[in-house]
Each structure stands twice: as structure tokens, then as C-alpha cells.
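**Q** what follows is a predicted protein model with its sequence.
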Amino acid sequence: MYDYTGWIVRSTAGHDKDQLFCVVGVDQENCRLLLADGKRRRLERPKRKKLGHVAVENRGGYLNPVIQRLQMGETVSDRALRRALAAFREESRRV
């Protein structure tokens, strides 16, 4: 399965519909994305979600240092992830 780590996605199904998440990993066995937002879903216990139940907002090209560190496999804090997603939301509103 392709590596989606660092992609920013929006949930399209479930109780978390329309919420923004960052892909922090992939469950190869069950073909599911591991999503975290740093608040409701922390990095220690990411949300497992099927690829078809998310809409891609950014395919890893978002140039935030936290997202780039996540793509390289380094550890990041929940606080840093929350701030990166907030910055992405703010930037996408301006466009």
C-alpha cells in the first residue's frame, strides 16, 4: 500500500465527519489510514479509517516543519500537530 503519511485529509463519514486530520501512518493489514488531530485523536491512539471515507485536502505538499518531520518518521507532539493543522485551516481559508 502507498505511504500516505503527512497527507491532510477531511473525514467524510462517521461521527467525526468534516473534521480535519493528518495521516500519521498506514495499517497495511487492514488497508486503513491512521489519523490524528492532536486533540480528540492523539498520536498515541490514532483513528483507523478506510481510504474511501476521507477526502484529501493536501497530498503531502504542505510545507509545515511539523508535517515534514512526520513524513521523515520523526516524533512530533500532539500540540505541534494541532498547531500545524490550525495553520493549514487558516491558510486554506485565505485562498
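**A** Structure's in. What do you need? Numbers count the residues shown, from 1 in each chain.
**Q** secondary structure class of residue 85, three-state.
**A** Three-state call for residue 85 (DSSP: H, G, I helix; E, B strand; the rest coil): helix.
**Q** ok, now residue 3?
**A** Residue 3 - assigned by three-state DSSP - is coil.
**Q** what sits against it?
**A** residue 26 (CB atoms under 8 Å, 6 or more residues apart in numbering). C-betas here are computed from N, CA, C, even on glycine.
**Q** how about low-confidence regions in the chain?
**A** Within the chain, the ranges that satisfy pLDDT under 70 run 1, 60, 95.
**Q** can you map out the helices along it?
**A** 65-71, 78-94 (DSSP state H).
**Q** what sits up against stretch 28-38?
**A** 1, 4, 9, 11, 19-27, 41-43, 46-51, 54, 77-82, 85.
**Q** so which of these are in strands?
**A** 9, 11, 20-27, 47-50, 54 (DSSP state E).
**Q** look up how far residue 45 lies from the residue nearest in space to the middle of the chain.
**A** The chain has residue 22 as the residue nearest its centroid, 0.7 Å off, counting by CA atoms, centre = their mean. Distance of residue 22 to residue 45, computed by CB to CB, to the nearest Å: 14 Å.
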